[in-house]
Every structure is written in C-alpha cells, then in structure tokens.
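Peer 1: Sequence below, structure please.
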Amino acid sequence: MDLPIRTRLKRWRKAIGVSQASLGKAADATGSAICQIERGAAQPSVALLQALVVKGLGQRMSDFYDDAALEAAERAALRRARKAS
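Peer 2: Residues are numbered from 1 along each chain as shown. The predicted structure follows:
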C-alpha cells in the first residue's frame, strides 16, 4: 500500500491507542497540529514526523512505513478491544 503520511499516522495512532493530544504532547506539538496533519491540511516537517513516530507512537521509522507492521498493530488493537468487551 502506498498510504499518505496522514493516513498512516492516523492508523498507527488508533492502533496504538493514543489521542491526538497525547501524541502531540509526546512530540512537543499540539493536538490541533496532529488533527491538521491527519486531515491533510498540514504536512509535518521531517523532524516532527520523526518525533511523532519515535516518541509519540514508540515505533521505528522503518516500521511506520512497513504495511505489514501497521496491519499487525491494527490486528493487535482489535484483539485487545475484543478482550476488553
């Protein structure tokens, strides 16, 4: 899949289970900035994207761009949600 950064960021964030505000805080950005990135209204700088991925999501940059890693994280999130209900 050739996903845009905004889509990839949103899917990873949801799979990890963090809010836009929490993700932004971890990367020294605002929740509003994350919202704008996820909507496609803004593009993150390379430095901000790296901070979001590494500090906010706890992932390596290579995993952020790896479709199999993203799908595995989403499957794990589904399993956690099923266990919780």
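Peer 1: only C-alpha atoms for contact and neighbour calcs from this point on.
Peer 2: Fine.
Peer 1: roughly how far out does the helix or strand containing C35 sit from the chain middle?
Peer 2: For C35, the host element (DSSP states H and E) is helix 31-39. Helix 31-39 has its C-alpha centroid displaced from the chain centroid by 11 Å (CA atoms, centre = their mean, to the nearest Å).
Peer 1: likewise stretch 76-85?
Peer 2: 18 Å.
Peer 1: Can you list the neighbours in contact with the longest helix anywhere in the chain?
Peer 2: Determined from DSSP state H, the single longest helix within the chain is helix 67-84. For helix 67-84, the surrounding residues in contact (CA atoms under 8 Å, 6 or more residues apart in numbering) are M1, R11, W12, A15, I16, G17, D63, F64.
Peer 1: and if we set it to 7 Å?
Peer 2: M1, W12, A15, D63 (CA atoms under 7 Å, 6 or more residues apart in numbering).
Peer 1: Could you work out the most separated pair of those?
Peer 2: Greatest spatial distance in the contacts of helix 67-84: M1 and A15, 17.1 Å, computed using CA to CA.
Peer 1: who's more crowded, the two?
Peer 2: A15 (19 against 7; other CA atoms under 10 Å).
Peer 1: List the residues that contact the more buried one.
Peer 2: A73, E74, A77.
Peer 1: Mind doing that once more with 10 Å?
Peer 2: L9, L57, L70, E71, A72, A73, E74, R75, A76, A77, L78 (CA atoms under 10 Å, 6 or more residues apart in numbering).
Peer 1: Also G31?
Peer 2: Contacts of G31 by CA under 10 Å, 6+ apart are S19, Q20, A21, S22, L23, G24, K25, I37.
Peer 1: Go through those residues and flag which are in helices.
Peer 2: Q20, A21, S22, L23, G24, K25, I37.
Peer 1: okay, these in TSV with distance to L48 next?
Peer 2: Listed next are those as TSV, based on distance: CA to CA, whole Å:
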residue	distance to L48
Q20	14
A21	14
S22	14
L23	11
G24	10
K25	12
I37	11
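Peer 1: Return the member of those nearest to V53.
Peer 2: Nearest to V53 among these, with distances taken as CA to CA, is L23, at 9.0 Å.
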